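> my questions are about this predicted structure, shown below with the sequence.
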Amino acid sequence: MGAARSILFMILGIVLLALSASGSIEMGPMGYVGSIACVGFGAVALYKLRMASRALKSELLQDPRVVGFYQNTQAAWASGELAELNKSFQGEGQVSYDRFVKKYRPIDGGALQVMFTQFPPMPREYLVGVGDTDSTTNRGWFVLTNQRLILKDATAGLFREFHLADIDSFEAKGTWTKTIAFRMKSGGVTTVEKLEIFPRAEFLSRLISRSGSPGAAVL
């Protein structure tokens with residue numbers, strides 16, 4: 001929601017409450033709830049917009065590697081690089097740089113923030129997917145790019161980096177939480193357990209295949 005619409009929501013709610021208080025109109029309980037909701041909804045939206053604008057000026061988003069990552073992502077999405085995964089990528093990439101970064105900015109405790117600070121972007125790397133929760137703590141779970149999977153190991157309480165080109169295949173199972181086993185080209189198997197959020201298996205499988213691996217098994 002843009003700033004103009006957010007302000008309109010707030011004004012609408014305030015005007016309705018003012019008219020009711022003056023006796024010009026009568027509102028029932030639902031009317032009051034709706035008016036207050038308009039004010040609150042608009043205020044929250046404005047706050048989010050302010051945070052997004054502030055994020056663009058942050059030191060993290062001035063890092064040349066991070067700027068290059070977003071530029072690579074926009075170019076790849078807009079060109080249709082990921083259209084076979086989901087056609088919406090192309091439209092998402094055809095916006096201004098600022099608007100794009102605001103929508104996919106790193107949030108405090110989120111997976112992108114972890115990636116940018118602990119696993120800096122590589123040349124020609126771009127974003128495919130990110131998994132965060134709405135919680136203020138423990139919110140970040142994964143970042144999937146065309147080259148890597150940055151994934152939280154919930155058991156150890158830290159993030160781990162997997163280069164897609166090193167993965168031969170994977171097996172994932174579980175309902176409420178996931179357990180995933182990566183069979184590496186080197187012959188070893190690495191297992192990560194207690195995953196609350198995991199990238200879409202078909203996305204990961206296709207990206208592994210692109211990197212030269214034979215595929216992936218999903219259970």
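Received, thanks.
> only C-alpha atoms for contact and neighbour calcs from this point on.
Will do.
> determine which residue lies closest to the centroid of the chain.
Centrality entry for the chain: nearest residue to the mean C-alpha point is residue 130, 4.1 Å, by C-alpha atoms, centre = their mean.
> tell me which element residue 206 falls in.
Per DSSP states H and E, residue 206 falls inside helix 201-210.
> what distance separates that helix from the centre of its chain?
Counting by C-alpha atoms, centre = their mean, to the nearest Å, helix 201-210 is centred 18 Å from the centre of its parent chain.
> what of stretch 154-162?
18 Å.
> name the residues that touch that stretch?
Outside stretch 154-162, the residues that touch it by C-alpha atoms under 8 Å, 6 or more residues apart in numbering are 114, 119, 148-153, 192-195.
> with only the CA atoms kept, save it in PDB.
In PDB, the C-alpha atoms belonging to stretch 154-162 read as follows (Å, rounded to 0.1, in the frame of the first residue of the first chain):
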ATOM      1  CA  ALA A 154      17.500 -25.600  14.000                       C
ATOM      2  CA  THR A 155      19.300 -28.200  16.100                       C
ATOM      3  CA  ALA A 156      22.500 -26.200  16.100                       C
ATOM      4  CA  GLY A 157      20.800 -22.800  16.100                       C
ATOM      5  CA  LEU A 158      22.800 -21.500  13.200                       C
ATOM      6  CA  PHE A 159      22.800 -21.100   9.400                       C
ATOM      7  CA  ARG A 160      24.600 -23.400   7.000                       C
ATOM      8  CA  GLU A 161      25.700 -22.800   3.400                       C
ATOM      9  CA  PHE A 162      25.100 -25.400   0.700                       C
END
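> got phi/psi on residue 152?
Here is the backbone geometry of residue 152 (degrees, to the nearest 10): phi -80, psi 130.
> how near is it to residue 90?
Relative to residue 90, residue 152 is positioned 28 Å away (C-alpha to C-alpha, to the nearest Å).
> more neighbours: the two, which one.
residue 152 (26 against 19; other C-alpha atoms under 10 Å).
> who's that one bridged to?
Residues in a beta bridge with residue 152, per DSSP bridges, are residue 159.
> ok, it - contacts?
Contacts of residue 152 were listed using C-alpha under 8 Å, 6+ apart, and they are 140-142, 158-160, 195.
> give the next helix or strand downstream of the least confident helix or strand in the chain by mean pLDDT.
The weakest-scoring helix or strand in the chain, judged by mean pLDDT, DSSP states H and E, is helix 29-56 (a mean of 57). Using DSSP H and E, the helix or strand that directly follows helix 29-56 along the chain is helix 64-78.
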